[in-house]
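Asks: no sequence for this one, just the structure:
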């Protein structure tokens, strides 16, 4: 992976998570994410994303393209909801990246973690 892509994965705030449940109908939603160099970490509220990952762990992640549709970053991977993953407020990289946006929402990092209970870890990645 080139430096430009690494920089985008480190610095961009939003990535599109594409999931599909048993019905195999894809759903794409923008999510906050932390890239640790080998996997993605996303925190989710109880709902469709969590249900989809439990039903079908194969996901896609896409960064926004530039205004003419270039600079595309697409990744497929295998998502899990690890029981041993610390909550969002105890994940240093995630807090470093999102402390300011969380505070801007009028929340503390602890309140955010209490709402976004489910960690989604995406591994076994294939960059396209």
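Replies: Yes, it's here. What you see is a predicted model; the values in this text were computed from it and never measured.
Asks: just checking, what packs against the lengthiest strand in the chain?
Replies: Counting residues, the longest strand found in the chain (DSSP state E) is strand 118-127. Judged by 3 or more C-beta pairs under 8 Å, 6 or more residues apart in numbering; DSSP states H and E, the packing partners of strand 118-127 are strand 40-44, helix 48-55, strand 73-80. From N, CA and C alone the C-beta is placed, and that goes for glycine too.
Asks: just the buried positions in the longest helix along the chain, please.
Replies: In terms of residue count, the longest helix belonging to the chain (DSSP state H) is helix 92-104. Within helix 92-104, the residues scored as buried using 16 or more other C-beta atoms under 10 Å are 94-95, 97-98, 102.
Asks: check stretch 33-46 too.
Replies: Across stretch 33-46, burial judged by 16+ other C-beta under 10 Å covers 33-35, 39-44.
Asks: which among those gets closest to residue 80?
Replies: residue 39 (9.9 Å; C-beta to C-beta).
Asks: angles on the backbone of the closest one, please.
Replies: phi -150, psi 170 (degrees, to the nearest 10).
Asks: hang on, it packs against residue 120?
Replies: No. In terms of C-beta atoms under 8 Å, residue 39 does not count as a neighbour of residue 120; the distance is 10.4 Å.
Asks: report the angle between the one helix or strand residue 5 maps to and strand 118-127.
Replies: Using DSSP states H and E, residue 5 falls within helix 3-11. With axes from the mean of the first three to the mean of the last three C-alpha atoms, to 10 degrees applied, the angle from helix 3-11 to strand 118-127 works out at 180 degrees.
Asks: which residues does helix 3-11 contact?
Replies: 35, 63, 71, 73, 127 (C-beta atoms under 8 Å, 6 or more residues apart in numbering).
Asks: what's the burial count for the closest residue to residue 105 other than its chain neighbours?
Replies: Leaving out its chain neighbours, the residue that sits closest to residue 105 by C-beta to C-beta, 6 or more residues apart in numbering is residue 112, at 7.6 Å. Residue 112: 22 surrounding residues under other C-beta atoms under 10 Å.
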